[in-house]
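[1] Whatever this is, show me its structure:
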Amino acid sequence: GARGGCRACRGQGRLHTCARKRPAGTDSDGETCHADAQTVEETAAGATELAWSCEVELEWQREEERMMREREREERVQQLAGLWQDLEALMHHEHCAPDALRLAWHDAASFRVGGGEWPASGGVNGSIRMLPEVDYPCHQGLYVVLSLLHQLQHKYPLVSAPDVYQMAAAVAVS
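    Presented below is the predicted three-dimensional model:
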């Protein structure tokens, strides 16, 4: 209109010509612009609702992740317990306790203090099952126990090969 103010508030239509020229919520005469104020309140309420909704979603995702980690931990514990029992049976039936102990020792014996970061530092990492390490002369005779333990590792996928080798050694001495 002629006053250059907020035409929506004056009942002259929905066009707000003043919204970009003045602080939100005032018309050209400095009066409170009810349409702008309502828009600001609706925007704030919507933003608050959106923020609350995002926070609820984030909290739900955190809880889901926590529950998934807990289920994975429980499953890993069950697999470790099953592996221990299977290793006891293996040691009894195959009489491979000395070889299991030797395998674990040779896997760990590759550790070097000055080796830097893993894997250069060696140690208990299961590398004894890979070429060229498995073919070293000092590792002769370990193929049989490696094969037996490899089968168990496939049965318990949440347990790593190095963990299988070291648990086999623990069972061997128990």
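
[2] CA only for contacts and neighbour counts going forward, please
    Fine.

[3] Show me where this protein has its helices.
    Assigned by DSSP state H, the chain shows helices spanning 34-94, 97-108, 143-155, 161-173.

[4] Turn these into TSV, columns for mean pLDDT, distance to Gly123 and mean neighbour count.
    Compiled in TSV, the helices of the chain are given as follows (pLDDT from 0 to 100; distance: least, CA to CA, whole Å; neighbours: other CA atoms under 10 Å):
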stretch	mean pLDDT	distance to Gly123	mean neighbour count
helix 34-94	81	21	14
helix 97-108	93	4	21
helix 143-155	93	17	16
helix 161-173	95	10	20
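
[5] a markdown table please, covering those helices and showing distance to Glu133.
    As requested, the helices of the chain are exported to a markdown table (distance: least, CA to CA, whole Å):
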| stretch | distance to Glu133 |
| --- | --- |
| helix 34-94 | 24 |
| helix 97-108 | 9 |
| helix 143-155 | 12 |
| helix 161-173 | 14 |
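
[6] And these: which comes nearest Val134?
    Nearest of the helices of the chain to Val134, taken as CA to CA: helix 143-155 at 8.0 Å.

[7] How about residues contacting that closest one?
    With contact meaning CA atoms under 8 Å, 6 or more residues apart in numbering, helix 143-155 is reached by Leu83, Asp86, Cys96, Asp99, Ala100, Leu103, Arg129, Val159, Ser160, Ala161, Val164, Tyr165.

[8] give me that answer again for 7 Å
    Outside helix 143-155, the residues within contact range by CA atoms under 7 Å, 6 or more residues apart in numbering are Cys96, Asp99, Ala100, Val159, Ala161, Val164.

[9] what's the closest of those residues to Glu55?
    Val159 (35.7 Å).

[10] quick one, phi/psi of that closest one?
    The phi/psi pair for Val159 (degrees, to the nearest 10) reads phi -110, psi 130.
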